[in-house]
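Asks: Here's a sequence, model it:
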Amino acid sequence: MASSSKRPRPRASDETAPDATAPDVSHLDANPLADPRDAAAVPDGEPPVPHVRVAVIGSGFGGLGAAVRLRRAGITDFVVLERADSVGGTWRDNSYPGCACDVPSHLYSFSFAPNPDWPRSFSGQPDIRAYLEKVADVFGIRPHLRFNTEVTEARWDEERTCWRIATTAGRWTADAVVSAAGPLADPQIPDLPGLDTFPGKVFHSSRWDHDFRLDGKRVAMVGTGASAAQIIPAIQPKVGALTVFQRTPAWVLPRRDRAITELEKWVHGRLPVTAKARRGALFALRELQVDAFVRRPGLLKVVQRIAERHLAAGVADPALRARLTPDYRIGCKRILLSNTYYPALAAANTEVVPAGLREVRGSTLVAADGSEREVDAIVFGTGFHVTDMPLGARVFGVGGVRLADEWKEGMEALRGSTVHGFPNLFFVIGPNTGLGNSSMILMIESQLNYLIDALTRLDEIGATAMQPTVRAQRQWNLELQHRMDRTVWSTGGCRSWYQDKSGKNTVLWPGSTTSFRRATRRVDLAEYELILRQDHSPAGPSATAEAEGVLL
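Replies: I've put the predicted structure just below:
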């Protein structure tokens, strides 16, 4: 669809209630018109390639949030490309037993879509997924969704200043691409010798096989991260024997979870200000914790003592307790929340192997310490491709440079959102935007503010595209990594999935969510090069100029 040259200004705040009168998007049910710039590239006899203003990749929190904010900014010619058959992202993919969020429900939701009906203070996967389905309905996102549409390539066309997108369901062109695939999208299974010959069942925690019954089986759980801490208590009472391969133990704190009463729901529904106050209190509490993580890790000693007491209360056997005690400072790796994890590990049918899995020989699993166990099924809780996002291998920028190659020395972006050499490519949950103690929805909304401001500024200026300058991107990341040096993630004495193969932390944000929101409230044009189309005829030339230059 050809995009309009004028767009309404976005609203001043993203805290307002949903629009009662949403823009009409019924026209998106049909194939949009082809962009005139693309006409020359369409072979005779083939249908025109549809063009949209924005193509969003992914329909989890990031993708749906982007769709809502685009519509509220008056931008309705966009599509959301989703490789699965429904919305939900990681909350669709992760349906393993016991799956739940470790952030309080009233904080783990959009500020513009409060939910007074959360059933628990820490809600489970089915409730979070249902919330995202409701967001898609209430905000009129359904007509924009394209399911079973996996992006196989996105390539910047310098001549026509647009993105060419190939998918499993056809092609698109777009003025801008929003990557909201998220870092927890592609599971990572270690390349173990003999794994392909294992005669039993093998699956990753995010690809749970609900048709396979674990009852009475000998099951191996590989990994002791956040997913494993929920899976182990859920399956331990059912399995015949549970073997947990633990490469590194985790610090675990009590989980203050409870059912939310009907009275609380009624009050939050009738008096929305009470839900907002509850959210504000949860937000403030987590902002107060930031200093201990990013500037004064020594303050975490008090928290570590709580974790030590929690371990002592849950595990009576001193030998097992020693195996489950980390040798690094709490907070260096992700802190787990559970009241049932330690009792499940201490159960009679559970064995904790203090080593990773090294090899598979038929139905025999060989640990790194040489010990062997016979099992019927293997469940991998080994995380995701976080620092080497697979999407990077499918995105090609200026000069055909592949994003994965641009990031071969470590992921980096300007303000976690844009990358030099990849014009009009915007990230939601980009490099160094993750959190260790609060809600990722806060970071997502900040990046959405940045996205909408960027698209609006492009329209106001009359530019076609924008990319960060090399200097701005480098300066931002040098300062960010300097701040990272004193965080608990760098000084706590551990190796975590926050770090890439060189040891650089390319995942977390070394500050508060408030500081990130300030940093992404507005686009600073001095940090960008603007791409201007000099000739508006098809295949016309374009010019690039720094925003501070004489052209502006």
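
Asks: center of this structure, which residue is that?
Replies: Gly182 (3.3 Å; CA atoms, centre = their mean).

Asks: any idea how far that residue is from Gly493?
Replies: Using CB to CB, to the nearest Å, one gets 29 Å for the distance from Gly182 to Gly493. Just so you know, the C-beta spots here come from the backbone N, C-alpha and C atoms, and that holds for glycine as well.

Asks: What of Asp405?
Replies: Counting by CB to CB, the gap from Asp405 to Gly493 is 33 Å.

Asks: same question, Gly399
Replies: Shown here: Gly399 relative to Gly493, a distance of 42 Å by CB to CB.

Asks: the more surrounded of the two?
Replies: For Gly399 versus Gly493, neighbours defined as other CB atoms under 10 Å are more numerous around Gly493 (11 against 8).

Asks: Could you look up the SS state of the more buried one?
Replies: Assigned by DSSP: H, G, I helix; E, B strand; the rest coil, the conformation of Gly493 is coil.

Asks: Would you confirm that it contacts Arg329?
Replies: Yes - the pair Gly493 / Arg329 is scored as a contact, 6.0 Å apart, by CB atoms under 8 Å.

Asks: Report the secondary structure state of Val239.
Replies: Using three-state DSSP, the three-state assignment for Val239 comes out as coil.

Asks: sorry, back to before: list the residues that contact the residue nearest to the centre of the chain.
Replies: By CB atoms under 8 Å, 6 or more residues apart in numbering, the residues touching Gly182 are 58, 60-62, 89-90, 428-429.

Asks: Over to it. Which of the three states is it?
Replies: Gly182 is classified as coil under three-state DSSP.

Asks: hang on, Thr364 packs against Ile378?
Replies: No - applying CB under 8 Å as the test, Thr364 and Ile378 come out as separate, 11.6 Å apart.

Asks: Have a look at those two and say which one is more surrounded.
Replies: Each of Thr364 and Ile378 has its neighbours counted (other CB under 10 Å); Ile378 has more, 24 against 13.

Asks: Direction included, what does the one helix or strand the more buried one maps to pair up with?
Replies: Following DSSP states H and E, the helix or strand that holds Ile378 is strand 377-380. When pairing is defined by DSSP bridges, strand 377-380 lines up against strand 201-204 (parallel), strand 218-222 (parallel).

Asks: want to try TSV for those strands, with distance to Arg72, mean pLDDT and mean neighbour count as columns?
Replies: Formatted as TSV, those follow (distance: least, CB to CB, whole Å; pLDDT from 0 to 100; neighbours: other CB atoms under 10 Å):
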stretch	distance to Arg72	mean pLDDT	mean neighbour count
strand 201-204	36	98	19
strand 218-222	43	98	24
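
Asks: Specify the stretch among these that is closest to Ile335.
Replies: With CB to CB, the closest approach to Ile335 among the strands paired with strand 377-380 belongs to strand 218-222: 19.5 Å.

Asks: Report the rounded mean pLDDT for the following helix or strand past the closest one.
Replies: Note on strand 218-222: by DSSP H and E, the next helix or strand toward the C-terminus is helix 226-235. Helix 226-235 carries an average pLDDT of 98.

Asks: And stretch 260-279, by the same measure?
Replies: The pLDDT scores in stretch 260-279 average 97.

Asks: List of residues touching it?
Replies: 105-107, 111, 114, 116-121.

Asks: In PyMOL, select just the buried ones from these.
Replies: Buried subset of those, written as a PyMOL selection, criterion 16 or more other CB atoms under 10 Å:
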select buried, resi 105+106+107+111+114+116+117+118+121
